[in-house]
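S.K.: Next comes the sequence, and after it the predicted model I'd like to discuss.
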Amino acid sequence: MIGICLLGATGSIGDSTLDVISRHTDHYRIIALTANSQTPKMVKLCQQFKPDYAVMASESAAETLQKQLKALSPSTQVLSGTAGLERVAALPSVDYVMAAIVGAAGLLPTLAAARAGKRVLLANKEALVMSGRLFMDEIQRSGAELLPIDSEHNAIFQSMPVDFSRGLAAAGVRRILLTASGGPFRTKTLDQLQSVTPEQAIAHPNWVMGRKISVDSASMMNKGLELIEACWLFDAKPSQIQIVVHPESMIHSMVEYVDGSVISQMGNPDMRIPIAHAMAWPERMDSGDQGMNIFEVAQLNFEKADEQRFPCLRLAREAIEAGGTSPAVLNAANEVAVEAFLENGLPFLAIPQVIEKTLEQSTHKRASSLDVILDEDREARVLAAQFVRQLG
Ligand code: NAD
Ligand code: MG
């Protein structure tokens, strides 16, 4: 039996992961489930999966959960806070850690999993964006396996030669084509974008996802973060990655080789597919998806991305080119701006403005240690909150 720690069990990726695991209970056992504050959902999940550990972000939520589990799942030990998350991510009984907490809150537990040499199933792209080299070094040092869950990166992984880690040039790869759906505002003009609402932003045409990543998809910062994510995962330069808008979300990304061959991975937009792939790798297993109806899809379209309407793409590219702590600052400012937008406290088009101003004001540093990264993250949040007040 393979022991699983699911960080972010109550979220959208959490749901899909539990759906896949439920189909293979003879192979996988849930050791730990974690959540931020959704106690009622955690009670249900603990009752169903009987994990050894459950972790809530706050102590009060953990106490509530503990009381309710006394009768329903007495063998579950309840922990709280970052220390609890880090502990369950590194348990000896855990083989695979699904990193599916949203945002910077996932960084420390995901790093703990990397350090402990687990198979890290990485959905929490913000963790890698923030800590880049440091994270990849931890994976190397501990001998952990890093498998991308983000559908595009999972597609790139599947389209790469097995030995891609020796370098893209040596592996005969010319470039990566990173696909983007274009989000709910793909065809909107700049003028129309001025008045879009959070409700419109989170109504994604192809994917059902958490609120934060849905807004990121609408602003295309999601693709910006994914560009940075791809640079680290595949040791690629930003110039080796071409973003391609592909509204059908059937091709999940492509790898172009020096001989002109282009290999892609296709499938329905269903996160259970990359999750099942990464869990079973190098084998295959049923994900629950019924397969794509190619005649219903019928047409695949491709467009260039528009950095005028979606400046977050440019900001992310500039941040990874600048290196150091810039991607962490970009990520922190984006989290603050998205939160404000979701609370109707910031217009949609001010999201990239807050990020750009924060990047301009923050001191560019080498990302030499986790402390430096976390300090920059904190500082950027303070700056971004000031710009939110100015622009909100
Ligand atoms: P979500 O909002 O649906 O779920 C987030 C999870 O994180 C929840 O379980 C929540 O309780 C937990 N969480 C939130 N804040 C926390 C905190 N401060 N401390 C501890 N736990 C906390 O998000 P999601 O859509 O499942 O996305 C999760 C991650 O996966 C994100 O990084 C996202 O970019 C990435 N991702 C998601 C999808 C998708 O289809 N949903 C696709 C690719 C990548
Ligand atoms: Mg993605």
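M.R.: Cool, the structure landed. Numbers count the residues shown, from 1 in each chain. Ligands and ions are numbered 1, 2, ... in the order given.

S.K.: who in the stretch 51-200 of the chain is up against ligand 2?
M.R.: Residues of the stretch 51-200 of the chain lying close to ligand 2 (Cβ under 5 Å from the ion) are 150-152. Using the backbone N, CA and C atoms, a C-beta is placed for each residue, glycine as well.

S.K.: where do the strands sit along the stretch 51-200 of the chain?
M.R.: Under the criterion DSSP state E, counting those that start in this stretch, the stretch 51-200 of the chain contains strands at 53-56, 77-80, 96-99, 119-122, 145-148, 173-180.

S.K.: Please enumerate residues in contact with the second one?
M.R.: Yep, that's strand 77-80 we're talking about. Defining contact as Cβ atoms under 8 Å, 6 or more residues apart in numbering, one finds that strand 77-80 is touched by 52-59, 61-62, 65-66, 69, 87-88.

S.K.: So which residues of the stretch 251-392 of the chain form strands?
M.R.: Along the stretch 251-392 of the chain, counting by DSSP E, counting those that start in this stretch, strands occupy 251-257, 262-266, 303-304.

S.K.: Any idea which of those gets closest to residue 376?
M.R.: Across these, residue 376 has its closest neighbour in strand 251-257 (29.6 Å, Cβ to Cβ).

S.K.: who does that closest one touch, helix- and strand-wise?
M.R.: helix 151-159, strand 173-180, strand 262-266 (3 or more Cβ pairs under 8 Å, 6 or more residues apart in numbering; DSSP states H and E).

S.K.: got the angle between the shortest one and helix 151-159?
M.R.: If I follow you right, that is strand 262-266. Here strand 262-266 runs at an angle of 130 degrees relative to helix 151-159 (axes from the mean of the first three to the mean of the last three Cα atoms, to 10 degrees).

S.K.: hmm, strand 262-266 in reach of ligand 2?
M.R.: No - on the criterion Cβ under 5 Å from the ion, strand 262-266 is out of touch with ligand 2, staying 12.6 Å away.

S.K.: pull the longest helix from this protein.
M.R.: helix 370-391 (DSSP state H).

S.K.: which parts of that helix are buried?
M.R.: 370, 372-374, 376-377, 379-381, 383-385, 387-388, 391 (16 or more other Cβ atoms under 10 Å).

S.K.: Contacts only, for the closest residue to ligand 2 within the stretch 51-200 of the chain.
M.R.: Per Cβ to the ion, residue 150 is where the stretch 51-200 of the chain lies closest to ligand 2, at 4.2 Å. Contact partners of residue 150, counting by Cβ under 8 Å, 6+ apart, are 122-123, 125, 226, 229, 274.

S.K.: same check, this time on residue 342
M.R.: Counted by Cβ under 8 Å, 6+ apart, residue 342 has contacts 198, 211-212, 215.

S.K.: mind running it again at 6 Å?
M.R.: Applying Cβ atoms under 6 Å, 6 or more residues apart in numbering, we find residue 342 in contact with residue 198.

S.K.: cool, residue 156 as well?
M.R.: Contacts of residue 156 by Cβ under 6 Å, 6+ apart are 176, 253.

S.K.: hmm, 10 Å instead?
M.R.: The neighbours of residue 156, taking Cβ atoms under 10 Å, 6 or more residues apart in numbering as the test, are 148, 150, 164, 173, 176-179, 226, 230, 233-234, 236, 241, 252-255, 263-265.

S.K.: in stretch 203-216, what counts as buried?
M.R.: Residues of stretch 203-216 classed as buried by neighbour count (16+ other Cβ under 10 Å): 204, 206-207, 209-216.

S.K.: Over to stretch 86-93?
M.R.: Residues 86-91 are the ones in stretch 86-93 that count as buried (16+ other Cβ under 10 Å).

S.K.: mind putting those residues in TSV, pLDDT included?
M.R.: Below are the buried residues of stretch 86-93 laid out as TSV (pLDDT from 0 to 100):
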residue	pLDDT
86	98
87	98
88	98
89	98
90	98
91	98
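
S.K.: Which two of the residues you listed have the greatest separation?
M.R.: Maximum distance among the buried residues of stretch 86-93 (Cβ to Cβ): 10.3 Å, for 86 and 91.

S.K.: Now do the shared contacts for those two.
M.R.: Common neighbours of residue 86 and residue 91 (criterion: Cβ under 10 Å, 6+ apart): 113, 116.

S.K.: For the closest residue to ligand 1 within the stretch 1-150 of the chain, give me its contacts.
M.R.: Of all residues in the stretch 1-150 of the chain, residue 11 sits closest to ligand 1, at 2.0 Å by Cβ to the nearest ligand atom. By Cβ under 10 Å, 6+ apart, the contact list for residue 11 reads 17, 35-36, 38, 41, 100-102, 123, 209-213.

S.K.: same check, this time on residue 318
M.R.: By Cβ under 10 Å, 6+ apart, the contact set of residue 318 is 224, 238, 326, 330, 356, 359.

S.K.: The fifth one: neighbouring residues, count only.
M.R.: A count of neighbours around residue 356, defined by other Cβ atoms under 10 Å, yields 18.

S.K.: hmm, back to that, tell me the one of the contacts of residue 150 nearest residue 132?
M.R.: The shortest approach to residue 132 among the contacts of residue 150 belongs to residue 229, at 9.4 Å (Cβ to Cβ).

S.K.: how many other residues sit next to residue 16?
M.R.: For residue 16, using other Cβ under 10 Å, the count is 24.

S.K.: cool, the one 3 residues further on as well?
M.R.: Other residues within reach of residue 19 by the criterion other Cβ under 10 Å amount to 16.

S.K.: secondary structure element for it?
M.R.: Here residue 19 sits within helix 12-22, counting by DSSP states H and E.

S.K.: Residue 77 versus the residue lying closest to residue 165 once chain neighbours are set aside, what's the distance?
M.R.: Nearest in space to residue 165, with sequence neighbours left out and distances taken as Cβ to Cβ, 6 or more residues apart in numbering, is residue 235 at 7.4 Å. Plainly put, residue 235 is 39 Å away from residue 77 if you go by Cβ to Cβ, to the nearest Å.
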